[in-house]
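Visitor: sequence-free structure coming up:
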């Protein structure tokens, strides 16, 4: 009888130890997950890493939620996309162009579009400006098909307003690919440089961010050496991406924080806007998903295939 009792006691002790060890293991894993920093990543544009633009937000998250935050700025959009594909990012501030590249079918990732900056009620909206030399015969993009073989200056392959949108707009004018229509296509390296390509005669047309055009006209007025032939429709600003593995409750709290940021922490909100020239007219963060961007680019081959060659081995 005592033998049986000892066997039963031993059995229950083993079961108890098993559950105790399992509980402690889960507790340690949960503790490690909480102690790991939230990795907020973006990319450098020009000389601006945007780290200082995101630092007030990182400080706010640490103070409000008790979570450490690690800020990372990759040297370009492509490096950011690689990091996202390697699951090395929890939250990302990415451009419209970057998000298109991320979702071009070549990258497996766990990120989802959650928020974007809205300019819906703002008088300042970000667009692409198409310009030509003051004396050009080109009146508008409507008759662009008559001028096959001219030269075009864009900004760089990763630019939304200086590459993605121009290709999309031209695609809607019947131009399947920019390279097949224009005699030469230059990537000037910056919005200002694309504008200067037209001023100094290196290009017969240029497309770049509207804020650069506005600044130029305000400074030069009647002495302008360029002429605007079209402004694109307003460009949807890039999304804030969340990693799907983030705790659901934390995701909701962070969404609430960001959507009320313009009211409760306007200085933090303004600092974020300062990091992205296209966000100058933004008023608040609003919920968004991938469908928000679908249908925006049109059906041109350029807008569908853009960026894929950058990632082919």
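Guide: Yep, that arrived. What you are looking at is a predicted structure, and each value in this text was computed from that prediction instead of being measured.

Visitor: Next, work out how far apart residue 159 and residue 97 are.
Guide: As judged by CB to CB, to the nearest Å, residue 159 and residue 97 stand 6 Å apart. From N, CA and C alone the C-beta is placed, and that goes for glycine too.

Visitor: Can I take it that residue 235 is in a helix?
Guide: No - assigned with DSSP: H, G, I helix; E, B strand; the rest coil, residue 235 falls outside any helix and is coil.

Visitor: Surely it touches residue 278?
Guide: Yes - look at residue 235 against residue 278 with CB atoms under 8 Å: they come within range, at 6.8 Å.

Visitor: list residues touching both of the two?
Guide: 126, 160, 161 (CB atoms under 8 Å, 6 or more residues apart in numbering).

Visitor: Please verify my assumption that the second one contacts residue 101.
Guide: No - under the criterion of CB under 8 Å, residue 160 makes no contact with residue 101, lying 10.5 Å away.

Visitor: Helices of the stretch 1-150 of the chain, start to end?
Guide: 2-35, 51-65, 77-85, 96-102 (DSSP state H, counting those that start in this stretch).

Visitor: Show me which of residue 159 and residue 97 is the more surrounded one.
Guide: Neighbours were counted for residue 159 and for residue 97 using other CB atoms under 10 Å; residue 159 has more, 27 against 23.

Visitor: next one: phi and psi at the more buried one?
Guide: The phi/psi pair for residue 159 (degrees, to the nearest 10) reads phi -80, psi 140.

Visitor: How about the one 10 residues further on?
Guide: For residue 169, the backbone dihedrals (degrees, to the nearest 10) come out as phi -60, psi -50.

Visitor: In contact with it, which residues?
Guide: Contacts of residue 169 by CB under 8 Å, 6+ apart are 128, 130, 141, 207, 230, 232.

Visitor: Report pLDDT for residue 312.
Guide: Residue 312 is assigned a pLDDT of 39 by the prediction.

Visitor: For the remainder of this discussion, apply numbering that starts at 58.
Guide: In the new numbering, first residue 58, that becomes residue 369.

Visitor: so where's this protein uncertain?
Guide: 58-91, 352-370 (pLDDT under 70).

Visitor: And the strands in it?
Guide: Using DSSP state E, the strands of the chain run over 95-100, 126-131, 148-150, 168-175, 185-190, 208-211, 241-244, 262-266, 283-288, 296-300, 341-344.

Visitor: Just put those in a markdown table and tack on distance to residue 115.
Guide: Formatted as a markdown table, those follow (distance: least, CB to CB, whole Å):
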| stretch | distance to residue 115 |
| --- | --- |
| strand 95-100 | 6 |
| strand 126-131 | 4 |
| strand 148-150 | 10 |
| strand 168-175 | 16 |
| strand 185-190 | 32 |
| strand 208-211 | 34 |
| strand 241-244 | 33 |
| strand 262-266 | 27 |
| strand 283-288 | 36 |
| strand 296-300 | 14 |
| strand 341-344 | 16 |
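
Visitor: export those to JSON lines and tack on distance to residue 273 and mean neighbour count?
Guide: Shown next, in JSON lines, are those (distance: least, CB to CB, whole Å; neighbours: other CB atoms under 10 Å):
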{"stretch": "strand 95-100", "distance to residue 273": "26", "mean neighbour count": "22"}
{"stretch": "strand 126-131", "distance to residue 273": "28", "mean neighbour count": "18"}
{"stretch": "strand 148-150", "distance to residue 273": "27", "mean neighbour count": "25"}
{"stretch": "strand 168-175", "distance to residue 273": "24", "mean neighbour count": "21"}
{"stretch": "strand 185-190", "distance to residue 273": "9", "mean neighbour count": "25"}
{"stretch": "strand 208-211", "distance to residue 273": "14", "mean neighbour count": "24"}
{"stretch": "strand 241-244", "distance to residue 273": "18", "mean neighbour count": "15"}
{"stretch": "strand 262-266", "distance to residue 273": "10", "mean neighbour count": "28"}
{"stretch": "strand 283-288", "distance to residue 273": "7", "mean neighbour count": "16"}
{"stretch": "strand 296-300", "distance to residue 273": "29", "mean neighbour count": "22"}
{"stretch": "strand 341-344", "distance to residue 273": "29", "mean neighbour count": "16"}
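
Visitor: who wins for proximity to residue 315 among these?
Guide: strand 341-344 (4.5 Å; CB to CB).

Visitor: So which residues make contact with the closest one?
Guide: With CB under 8 Å, 6+ apart, strand 341-344 has contacts from 171-175, 177, 297, 312, 315-316, 318-319, 326.

Visitor: I am finished for the moment; much appreciated.
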